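K.L.:
predicted coordinates and the sequence they were generated for:
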Amino acid sequence: MSDNLVVIDHPLVQHKLSLMREKNTPSATFRMLLREISLLLGYEVLRDLPLTTKSIDTPLQEMDAPVLKGKKLVFVSILRAGNGLLDGLLDLVPSARVGHVGLYRDPETLQAIEYYLKLPEDMESRICIVVDPMLATSNSASAAITRLKQAGAQNIRMVCLLAAPEGVKALGEAHPDVKVYTGALDTHLNEHGYIVPGLGDAGDRMFGTK
């Protein structure tokens, strides 16, 4: 598989993911689990953030303390399901900037069609984390990343809950510079472009819609 794929196989991620896969898990529980998993994924995705130091006063003495270096991160949610991961990541880094890319998948062609785009300024100088629970065909993710690059983004990472081999391969071919972090790599896509065994449509599971 792709050198740019990182499967985060932490036991808590795997356990919570199994609970989310169960078809009878209520929407409220599904959203809670997704938010919890996003925190765990976030620790790995942001492991190598650059640091600098600043002088602070502790109750005992002055010290040079490590703090994040550079401009604030940008989390970019691919609407609508990406917001489930976004909430947890913002719990982790509340000062991050947030962008949104609205895309929907044509049911016939499976291609991504854009309907909304709103991004922070200075994308070229920020680490950009794209979030979407499912990396299936990768058409939506690839289209979103293309738009981010057009806006100047240079350091881009992708975070998803589940990935399919077909999507990982396609995204790697379209954007070989983008590393993908996922909770699990499932077996394949079915004829409708859904990840198998997967967990169904993440947006519908989150919001109780069909």
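P.N.:
On my side now, so go ahead. Residues are numbered from 1 along each chain as shown.

K.L.:
buried stuff in the host helix or strand of E114?
P.N.:
Applying DSSP states H and E as the criterion places E114 in strand 112-118. For strand 112-118, a neighbour-count test (16 or more other C-beta atoms under 10 Å) marks 112, 117 as buried. The way it works is simple: take the backbone N, C-alpha and C, and place the C-beta from them, glycine included.

K.L.:
adjacent strands (with direction) for it?
P.N.:
Partners of strand 112-118 in the sheet, by DSSP bridges, are strand 97-105 (antiparallel).

K.L.:
buried residues, the partner strand. List them.
P.N.:
97-103.

K.L.:
picking that back up, what is the subsequent helix or strand relative to the strand holding E114?
P.N.:
Criterion used, DSSP H and E; the element after strand 112-118 is strand 127-131.

K.L.:
which residues touch that next one?
P.N.:
Residues outside strand 127-131 that contact it (C-beta atoms under 8 Å, 6 or more residues apart in numbering) are 38, 45-46, 49, 70, 73-78, 82, 85-86, 89, 99, 141, 144-145, 148, 153, 155-160, 178.

K.L.:
so in this protein, which helix runs the longest?
P.N.:
Ranked by number of residues, the top helix in the chain under DSSP state H is helix 27-45.

K.L.:
return the list of helices and strands in contact with that helix.
P.N.:
helix 11-21, helix 82-92, strand 155-163, strand 179-185, helix 202-207 (3 or more C-beta pairs under 8 Å, 6 or more residues apart in numbering; DSSP states H and E).

K.L.:
which residues are contacting the helix or strand that that helix is followed by?
P.N.:
Sequence order places strand 51-57 as the next helix or strand after helix 27-45, per DSSP H and E. Identification of contacts with strand 51-57 by C-beta under 8 Å, 6+ apart yields 62-69.

K.L.:
show me which of the contacts of strand 127-131 are buried.
P.N.:
Buried among those by 16+ other C-beta under 10 Å: 38, 45-46, 73-78, 82, 85-86, 89, 99, 141, 144-145, 148, 153, 155-160, 178.

K.L.:
do you know the pLDDT at V6?
P.N.:
Each residue has a pLDDT score; the one for V6 is 96.

K.L.:
burial of it, as a residue count?
P.N.:
Using other C-beta atoms under 10 Å, V6 is surrounded by 17 other residues.

K.L.:
which of the three states applies to it?
P.N.:
Three-state assignment for V6 (DSSP: H, G, I helix; E, B strand; the rest coil): strand.

K.L.:
spatially nearest residue to it (excluding sequence neighbours)?
P.N.:
Y181 (4.8 Å; C-beta to C-beta, 6 or more residues apart in numbering).

K.L.:
run through the residues that contact the one you found.
P.N.:
By C-beta under 8 Å, 6+ apart, Y181 lies in contact with 6, 8, 41, 44-45, 157-160.

K.L.:
change it to 6 Å
P.N.:
Residues in contact with Y181, defined by C-beta atoms under 6 Å, 6 or more residues apart in numbering, are 6, 45, 159.
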